[in-house]
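# Just need the structure, nothing else, for what follows:
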Amino acid sequence: MSKTLADFNRLGTAEEYLEYFEIEYDSQFVNINRLHILKKFSDLIREVNIYFPDLTETEKFDKYREALTEAYDLFLTKSPLETKLFKVFQEKPNNIVMLNDIQT
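The predicted model follows:
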């Protein structure tokens, strides 16, 4: 089956992307890490598009598949808190003093 950018652009769920690229996955793991996988995948796709603008569609799909595999695999070894993908994890609250900020 030939895959096109139009097909790819119609996908929306983590499962659809994983199935589209024929990547085996654990559905329970995806249920827990779905937003993080999709966010990382989105970031990696953006990088592919910036750094490899002249790829053929087939080459682009290969890079996208690698990106999705990397995004999925990242959360097998790291927690969402460790990766700090979302803004909420990157901002330091203004009304909290962290222990490492206190000097003895």
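# Point to the residue nearest the middle of this protein.
K40 (2.1 Å; C-alpha atoms, centre = their mean).
# so how far is K40 from N49?
15 Å (C-beta to C-beta, to the nearest Å). Using the backbone N, CA and C atoms, a C-beta is placed for each residue, glycine as well.
# Just the helices from this protein, written as ranges.
Using DSSP state H, the helices found in the chain span residues 5-9, 14-20, 27-51, 57-77, 80-83, 87-90.
# With respect to Q103, which of the ones you listed lies nearest?
helix 87-90 (24.3 Å; C-beta to C-beta).
# returning to that earlier point: same list (the helices of the chain) but as TSV, adding distance to I102 and mean pLDDT.
Below are these laid out as TSV (distance: least, C-beta to C-beta, whole Å; pLDDT from 0 to 100):
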stretch	distance to I102	mean pLDDT
helix 5-9	50	91
helix 14-20	41	97
helix 27-51	31	95
helix 57-77	32	95
helix 80-83	22	68
helix 87-90	22	52
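# rewinding a little: identify the residue spatially nearest to the residue nearest to the centre of the chain, adjacent ones excluded.
Closest residue in space to K40, ignoring its immediate chain neighbours: A71 at 3.8 Å, by C-beta to C-beta, 6 or more residues apart in numbering.
# okay, now that neighbour: neighbour count?
24 (other C-beta atoms under 10 Å).
# In this structure it contacts I45, no?
No - in this structure A71 lies outside contact range of I45 using C-beta atoms under 8 Å: 9.3 Å.
# show me the contacts for the nearest residue to L55 once chain neighbours are set aside.
In space, and not counting its chain neighbours, L55 is closest to K63: 6.6 Å by C-beta to C-beta, 6+ apart. Residues in contact with K63 (C-beta atoms under 8 Å, 6 or more residues apart in numbering) are V48, F52, L55.
# just Y20 next, same as before
K3, D7, F8, L11.
# Could I get those in JSON lines, plus columns for neighbour count and distance to S79?
Shown next, in JSON lines, are these (neighbours: other C-beta atoms under 10 Å; distance: C-beta to C-beta, whole Å):
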{"residue": "K3", "neighbour count": "14", "distance to S79": "32"}
{"residue": "D7", "neighbour count": "12", "distance to S79": "33"}
{"residue": "F8", "neighbour count": "17", "distance to S79": "29"}
{"residue": "L11", "neighbour count": "14", "distance to S79": "26"}
